[in-house]
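Q: attaching a predicted model along with its sequence, questions to come.
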Amino acid sequence: MIAGRLVGRVTRTAADLRREHGLLRGFGLLMLRSLARLTGGTVLACMHKPVGRVEQCSARLLTRTEIERASMNASLDLPPEFVASSHSAACYGIVADEEVRGYVWTVSEPVRAVPGTVVTMPCDSAYVFKAFTDPAFRGRGLLRESLKAVEQSASNDGRTEMSALVEFHNRSSLRAFGNAGFRRCGLVFVLRRPWLVRKVACRCAAPCTWSKDLSSTPATLFRSSVEKSA
């Protein structure tokens, strides 16, 4: 049964890649992803969006108290250890009935991304490194509203773009960021053993830079560059 589910998942992924990229390129991307996963790495889509003017949005900057309370809700994928390690980052989100229902974390400094790596975005970019929506509130545009709040803040700070890294196989997240105005500018191929990062078809004017993380930070404290679901 497990083997059947695995074969089905690989078949669906291959079909999606072939439909979007063609047979040869789709096969190549499938091989890249398989190789990365065998080493504990991944393939990420590099997403960018120009910062524009935001008239209004329903999301706002969350207070530390709200964030810490949200970390106690297991359905929000916000471990207390992660919150404790993210004092230099800002979290924007939607609050309903005094509870956080969706959030977006952003930062302008180097961030631990895939375990074992540190990524640095261009200085004029607001980097969204983690986002999540309560499963009971998906489909209501909460991610889009939270990203608007980030964009509003980025505009006020004089930044010119927003960026995010999304796991290439996470089709729902890629679609959600696409609906929010983000466009894919290339792929990032990450291996963990041996450590290696390669950009594929990168079209960014000022691309991100990657380095090896030499600290002994526990895996639970890594700031996921992957948007889980919207």
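A: Received it, and whenever you're ready, just let me know what you need.
Q: for Ala206, see how far away Asp213 is.
A: Using Cβ to Cβ, to the nearest Å, one gets 22 Å for the distance from Asp213 to Ala206. (Glycine included, C-beta is placed from N, CA and C.)
Q: more neighbours, the two?
A: Comparing Asp213 with Ala206 by other Cβ atoms under 10 Å, the one with more neighbours is Asp213, at 18 against 14.
Q: leaving out sequence neighbours, find the closest residue to that one.
A: Val118 (4.9 Å; Cβ to Cβ, 6 or more residues apart in numbering).
Q: need the next SSE after whatever helix or strand that neighbour lives in, C-terminal direction.
A: In this structure, Val118 sits in strand 117-120 according to DSSP states H and E. On the C-terminal side of strand 117-120, the closest following helix or strand by DSSP H and E is strand 125-133.
Q: and the residue nearest to Asp213, how many neighbours?
A: The local packing of Val118 (other Cβ under 10 Å) involves 18 other residues.
Q: and if you look at Glu66?
A: The local packing of Glu66 (other Cβ under 10 Å) involves 18 other residues.
Q: leaving aside the residues next to it on the chain, what's closest to it?
A: With sequence-adjacent residues excluded and distances taken as Cβ to Cβ, 6+ apart, Glu66 is closest to Val100, at 5.8 Å.
Q: now do Val114
A: Leaving aside its sequence neighbours, Val114 is closest to Val190 (4.9 Å, by Cβ to Cβ, 6+ apart).
Q: partner strands of the helix or strand hosting that neighbour, with direction?
A: Following DSSP H and E, the helix or strand that holds Val190 is strand 183-192. According to DSSP bridges, strand 183-192 has the following sheet partners: strand 42-50 (antiparallel), strand 195-200 (antiparallel).
Q: of those, which stretch is the most buried?
A: Using mean count of other Cβ atoms under 10 Å, the stretch among the strands paired with strand 183-192 with the largest mean neighbour count is strand 42-50, at a mean of 22.
Q: now it - C-alpha only, PDB.
A: The C-alpha trace of strand 42-50 is given here as PDB (Å, rounded to 0.1, in the frame of the first residue of the first chain):
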ATOM      1  CA  THR A  42      15.300  20.100  -1.800                       C
ATOM      2  CA  VAL A  43      14.500  22.100  -4.900                       C
ATOM      3  CA  LEU A  44      13.000  25.600  -4.200                       C
ATOM      4  CA  ALA A  45      11.200  28.000  -6.500                       C
ATOM      5  CA  CYS A  46      12.600  31.600  -6.200                       C
ATOM      6  CA  MET A  47       9.500  33.900  -6.100                       C
ATOM      7  CA  HIS A  48       9.600  37.700  -6.500                       C
ATOM      8  CA  LYS A  49       7.100  40.500  -6.600                       C
ATOM      9  CA  PRO A  50       7.600  44.300  -7.200                       C
END
